[in-house]
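# Predicted model and sequence follow; I will ask about them next.
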Amino acid sequence: MRRRVLGVGAILAAGAFGGGAVVGGLHVPSSQRTVERFAAAWARGDFPAMYSELSPPERGRVRRGAFAAAYQRALGTATATRVTTGKPVSDGDAYRVPVRVDTRIWGAVRGTVRVPVAEAGVDWSHDLVFPGLRRGEKLTRTTRLPPRAALLARDKTPLARGADRSSPLGPVATSVVGSLGPIPADRRADLTALGVPSDALVGSSGLERVFDVRLIGRPGGELRAGSRPIARAAPMAAPPVRTTVSTAVQSAAVEALGTRLGGIVVMDPRSGGVLAASGIGLSGLQPPGSTFKILTVTGALEAHLTSPSRTYPVQTKATLEGVDLANANGEACGGSLVQSFAESCNSVFAPLGAKLGARRLVDVAERFGFNSDSEIPGAAMSTIPPAEEIGDDLAVGSSAIGQGRVQATALQMAIVAATIGLRGRRPRPTLDFAAAEGDAPTERATPARTARTVERLMLAVVRGGTGTAAALPNVAVAGKTGTAELKTTTRCTPDPENPEACPPEQRADPTDTDAWFAAYAPAGSGHPRVAVGVLLVGAGAGGATAAPAARAVLDAGLKATSRP
């Protein structure tokens, strides 16, 4: 089970040991009641209440914020998880308060704090922030990390081990393992609270980032009051972390991506387990192009704006707000909804998206996981702007075909495909083998009836549309191609018989488009074993480049998940 990292302000719980709970009674001096309230507030982590018990001169000398910060620093330095205080015992003009501080690194640190008190309140000094401190001393620590734990594939093959993070799989492992680096600013507070030294190298990408806290283990070191050690602990290495990564599927994903910029993510929809992630599959955000039409048509079917038998005019473009949105290469397409989806007709889906409207388009995208954390640390969030920020019909239509300001990762589009394959239930992706072997939570994203209809459309893409290069023998593959323009271009396809109709300066440049493919297999049962998202940056048309890459990893994934 993953341990939760808590902030100092939330980790303190009230408690009394040895029967020392604050108890009122007859003849209790007011000074004792003051210290009892002070101690009880400390155990609760209620620094304002502690401050209110200071004498007026002390409140005039010490600012409220500085007072709270002094306690927070001490507790953070100690990696405290809980403070427990006992019953104050009179000691002349002060009271001795037994204090126990439970810490992540040093276990329980016990001691007494001598609290001077006048009739008007506590006479405070900095040595009261932690048991064992003397006047003028500050709490400090020196920590060091144990050897980093190993990362294992699902078959327990090492993906990274030892100080050099080596693996017998070589580059195949490197592509998913990621790298180590200095602590980033946005993680410094959390890692400091765990006792990680400020100069440590931590996971910055890939599996090293996903499982960083588990791989770090428990730091060790020395806790000091001034120059005096008050607690010591040896570093403790964590056990190896077993992941969901399949060595065979990862090898296929690395080979399919090759030296191209992009990313491929393969997952088992039944468990949410990520079988492979190569390149920038988890972190790379790009406009998803026509793979987003899976969501557009889902919303349109839900709203009863279309149906498989609905027909559309065959044309080369659609015009929204006076601007032409052309089909790929200026091709003419249309016909039934099935044909229009199979051929990825912008002339059909841009107007259909505008008719659906920004509010419903954003709603369906968010139900499939957009604008939400994937729960995989370090993975980028796929986004679509709020409905009120998208704009006019042209902007909505552009968003509906995966352009505009829509951004997605290969992981997100694999999730979209998996959700259709699971009859409308969105799986929760994980790289943790134990989590994937347990319950596989899903969320309803669209009605099963709608998902079955979208599956029919996606099957047509692979059987006779733009995605035939992803077809596998004797396996039903449902998919969707995407070709996302990176900048507005004027395109035409050269015609050998009429070269003047397409001069070189107007010809399509494949480096101006991202190639996408999202798919799952086997289709038709509601129990797909593999889903894939492929992104190839600046690589041309999805059907020509991304679909063949998807075919290779789908084949490997089906072989690796042949269990029932």
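Good, I have the coordinates.
# Please make it C-alpha for all contacts and neighbour counts, starting now.
OK.
# Distance from stretch 41-57 to the middle of the chain?
Distance, stretch centre to chain centre, for stretch 41-57: 39 Å (CA atoms, centre = their mean, to the nearest Å).
# Now do the same contact list for the residue nearest to Ser309 when sequence neighbours are not counted.
Once flanking residues are discounted, Ser309 sits nearest to Ser336: 5.8 Å by CA to CA, 6 or more residues apart in numbering. Residues near Ser336 by CA atoms under 8 Å, 6 or more residues apart in numbering: Pro308, Ser309, Arg310, Thr311, Tyr312.
# And these, which two are furthest apart?
Pro308 and Tyr312 (10.9 Å; CA to CA).
# Return every residue with contacts to both of the two.
Shared contacts of Pro308 and Tyr312 (CA under 8 Å, 6+ apart): Ser336, Leu337.
# thinking again about what came up before, and the residue nearest to Ser309, how far is that from Val314?
10 Å (CA to CA, to the nearest Å).
# And the helices in the stretch 301-450 of the chain?
337-342, 346-356, 358-367, 387-390, 393-400, 410-421, 433-437, 448-464 (DSSP state H, counting those that start in this stretch).
# now for the fourth one, which elements pack on it?
Right, the one you point to is helix 387-390. helix 358-367 (3 or more CA pairs under 8 Å, 6 or more residues apart in numbering; DSSP states H and E).
# How far away from the center of its chain is the particular helix or strand that has Ala39 in it?
Take DSSP states H and E as the rule and Ala39 turns out to sit in helix 30-44. Offset of helix 30-44 from its chain centre (CA atoms, centre = their mean): 43 Å.
# Give me the residues contacting the helix or strand following that helix.
Where DSSP H and E defines the elements, the next helix or strand beyond helix 30-44 is helix 47-52. Residues outside helix 47-52 that contact it (CA under 8 Å, 6+ apart): Arg37, Phe38, Ala39, Ala41, Trp42, Arg59, Arg64, Phe67, Ala68.
# Dump the contacts of Ser336 into a markdown table; add pLDDT and neighbour count as well.
Output for the contacts of Ser336, formatted as a markdown table (pLDDT from 0 to 100; neighbours: other CA atoms under 10 Å):
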| residue | pLDDT | neighbour count |
| --- | --- | --- |
| Pro308 | 94 | 16 |
| Ser309 | 90 | 11 |
| Arg310 | 95 | 12 |
| Thr311 | 96 | 16 |
| Tyr312 | 96 | 16 |
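# Tell me the one of the residues you listed nearest Ala233?
Closest approach to Ala233 among the contacts of Ser336 (CA to CA): Pro308, at 67.1 Å.
# who's in contact with the residue nearest to that closest one when sequence neighbours are not counted?
Distances taken as CA to CA, 6+ apart place Leu337 nearest to Pro308, at 5.0 Å, with adjacent residues excluded. For Leu337, the contacting residues are Thr306, Ser307, Pro308, Ser309, Arg310, Thr311, Tyr312, by CA under 8 Å, 6+ apart.
# again with Phe292
Taking CA under 8 Å, 6+ apart, we find Phe292 in contact with Ala400, Ile401, Gly402, Gly482.
# Quick one: the contacts of Ser336 as a markdown table, columns for distance to Arg260 too.
Below are the contacts of Ser336 laid out as a markdown table (distance: CA to CA, whole Å):
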| residue | distance to Arg260 |
| --- | --- |
| Pro308 | 37 |
| Ser309 | 40 |
| Arg310 | 39 |
| Thr311 | 39 |
| Tyr312 | 37 |
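# Let's see which of those end up in strands.
Thr311, Tyr312 (DSSP state E).
# Which of the contacts of Ser336 sits closest to Arg449?
Pro308 (12.6 Å).
# measure the closest one to Leu128 for me?
To Leu128, Pro308 is 74 Å away according to CA to CA.
# repeat for Arg63
16 Å.
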